[in-house]
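*Asks:* please work out how this folds:
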Amino acid sequence: MAFQILLDQIGGLGRFQILHTIVLLTICIMVNPRVMLENFTAVVPSHRCWVHVLDNETVSGNDSEILSKEALLRISIPLDSNLRPEKCRRFIHPQWQLLHLNETFSNTVKPDTEPCMDGWVYNQSSFLSTIVTEWDLVCESESLNSVAKFVFMAGTLVGSIVFGYLSDRYLTESARWLIINNKPEEGLKELKKAACRNGRKDVGDTLTVEVLKSAMKEEMDLAQTKYFLCDLFSTPTLRMRMISTAFVRFSIIMTYYGLAFHIQHLGSNIFLLHCLFGAVNLPASYVANLTLNHMGRRSTQTLSMFLQGLCLLVIIFIPQEMQILRVVISTLGVGFSFVAVIGSFVHGNELFPTVIRATALGTAGIFSSLGAAVSPLLMILKIYSPLLPWIIYGILSILAGLVILLLPETRNQPLPDTIQDVEKNFHCICPRKKVSRNAKEEDAFIKVTRF
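*Replies:* Got it, this is the predicted structure:
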């Protein structure tokens with residue numbers, strides 16, 4: 001709390017913070033589109049088997065005046081249950097008798113078919129080339145499309161772990177981190193830099209190493225004890241919070257990317273859906289801010305996850321022909337998912353004590369990346385049922401909403417500083433802490449002013 005008071009004196013929200021926010025947003029703008037690019041680079045265009053009588057230029061050219069392409073397609077490719085050309089099989093021999101559409105062949109034997117031995121023909125009206133057409137990731141190899149997405153997201157998981165560690169060594173540290181790690185001179189330099197950029201140079205000039213040490217004595221004392229990952233599971237309450245948060249974060253991110261990665265399965269116009277999914281994030285952010293402040297952290301996440309799961313379960317019963325309804329339900333699902341993501345990040349920051357919060361959030365972040373990586377793998381289950389992945393997404397979303405109820409509500413509650421604070425009843429210690437912190441606020445204010 002003492003550092004927060006110092007930060008308020010040098011400018012809690014000034015040009016310094018705004019500049020860093022702009023830089024961070026710029027990085028996010030450059031990174032996030034690479035993830036969503038999978039919806040276009042890995043799109044699966046309509047396709048059928050290559051057949052000699054239809055796709056060989058010499059043969060089709062000689063017969064073009066006799067039979068139409070539709071007729072040649074009819075004798076070469078069988079029809080599926082929806083009376084559309086099969087995507088993965090062809091007749092072994094041309095079925096000329098199928099040209100006699102006015103006759104019935106009830107007593108004839110079903111023609112023999114075979115897999116696409118000579119490759120596929122793809123519809124290139126929307127996409128000239130994708131990884132699917134380049135590597136023929138269709139039919140028996142369709143699951144490799146999901147594996148490619150998994151490998152891409154697994155790279156982000158490894159990168160977040162490796163570069164998250166490297167960033168603690170090579171990037172500019174926060175002033176608070178420097179101070180509590182016995183580098184008050186460097187921390188003072190960063191604070192004065194921020195005060196100067198925020199137009200508070202007079203306040204920055206009054207700051208000294210002695211003022212910092214005095215104001216943050218308690219936090220520096222707490223920092224002398226080193227905490228590790230195992231400490232997150234050292235007490236019952238903290239252990240329950242960590243396990244629940246990890247599961248919730250894994251589920252929320254998995255279902256979010258389940259929608260974001262598989263736009264093609266939700267509607268025929270992926271360009272429209274992509275624009276709608278991006279546009280809905282803005283009102284979703286406003287709704288998240290409103291509900292988090294009025295309904296609380298738990299209610300916001302539980303309600304949004306339940307509604308998202310409901311959207312995922314409802315959409316599997318909507319026929320493909322009802323495209324408008326599918327688009328509306330899908331867009332609502334993405335909006336609810338984004339509200340849940342924001343709520344999860346806010347709630348997670350307030351659940352863990354200061355001394356181990358960074359470790360807890362880093363662990364939760366790993367489970368988030370793991371959920372994003374595993375999300376596309378669920379599409380492999382389509383070989384058993386096209387609806388199975390969406391059923392799992394929906395049920396997992398609702399289940400995560402129920403698990404959130406195991407976590408405490410943190411709205412308008414003081415942040416815990418130590419692991420012991422987590423194990424205590426906040427309602428009993430809040431009044432005493434409030435008096436103590438008020439006293440520290442007044443003391444810190446006197447020390448950083450000239451008068």
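*Asks:* mind checking the SS state of Arg34?
*Replies:* Reduced to three states with DSSP: H, G, I helix; E, B strand; the rest coil, the structure at Arg34 is helix.
*Asks:* could you list which residues are in contact with Pro111?
*Replies:* Neighbouring residues of Pro111 by C-beta atoms under 8 Å, 6 or more residues apart in numbering: Pro78, Phe91, Ile92, His93, Gln95. Glycine gets a C-beta too; all of them are placed from N, C-alpha and C.
*Asks:* the last one and Ser143, how far apart?
*Replies:* Yep, that's Gln95 we're talking about. Distance of Gln95 to Ser143, given as C-beta to C-beta, to the nearest Å: 31 Å.
*Asks:* who has more neighbours out of these two?
*Replies:* Gln95 (18 against 15; other C-beta atoms under 10 Å).
*Asks:* just checking, the more buried one touches Leu73?
*Replies:* No: the criterion here is C-beta atoms under 8 Å, and Gln95 misses it with Leu73 at 11.3 Å.
*Asks:* show me where the stretch 251-400 of the chain has helices.
*Replies:* 270-279, 281-294, 297-315, 323-351, 357-374, 388-403 (DSSP state H, counting those that start in this stretch).
*Asks:* what is the burial count for Asn56?
*Replies:* 14.
*Asks:* swap in Ile270?
*Replies:* 19.
*Asks:* show me what contacts it?
*Replies:* Asn39, Phe40, Val43, Ile263, Gln264.
*Asks:* any stretches of the stretch 101-250 of the chain with poor pLDDT?
*Replies:* Residues of the stretch 101-250 of the chain meeting the criterion pLDDT under 70: 101-109, 164, 167-168, 170-173, 203-205, 218, 221-224.
*Asks:* show me where it has helices.
*Replies:* Going by DSSP H, counting those that start in this stretch, the stretch 101-250 of the chain shows helices at 131-135, 143-170, 175-180, 184-197, 201-206, 209-215, 217-223, 236-260.
*Asks:* okay if I get these as TSV plus distance to Ile383?
*Replies:* Formatted as TSV, the helices of the stretch 101-250 of the chain follow (distance: least, C-beta to C-beta, whole Å):
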stretch	distance to Ile383
helix 131-135	16
helix 143-170	7
helix 175-180	49
helix 184-197	55
helix 201-206	64
helix 209-215	62
helix 217-223	53
helix 236-260	17
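*Asks:* closest one to Val403 among those?
*Replies:* helix 236-260 (5.5 Å; C-beta to C-beta).
*Asks:* domains in the chain, by residue range?
*Replies:* Following automatic domain parsing, one finds the domains of the chain at 1-24+141-224+429-451, 47-122, 230-413.
*Asks:* if we can go back for a sec, can you turn the buried part of the contacts of Pro111 into a ChimeraX selection?
*Replies:* Selection of buried members from these for ChimeraX, criterion 16 or more other C-beta atoms under 10 Å:
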select :78,91,95
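*Asks:* for the contacts of Pro111, which one is nearest Glu185?
*Replies:* Pro78 (78.2 Å).
*Asks:* excluding chain neighbours, give the residue nearest to the closest one in space.
*Replies:* Excluding the flanking residues, the one nearest Pro78 by C-beta to C-beta, 6 or more residues apart in numbering is Glu86, at 5.0 Å.
*Asks:* residues near that neighbour, how many?
*Replies:* 17.
*Asks:* hang on, isn't it packed against Arg48?
*Replies:* Yes: with contact defined as C-beta under 8 Å, Glu86 reaches Arg48; the gap is 7.0 Å.
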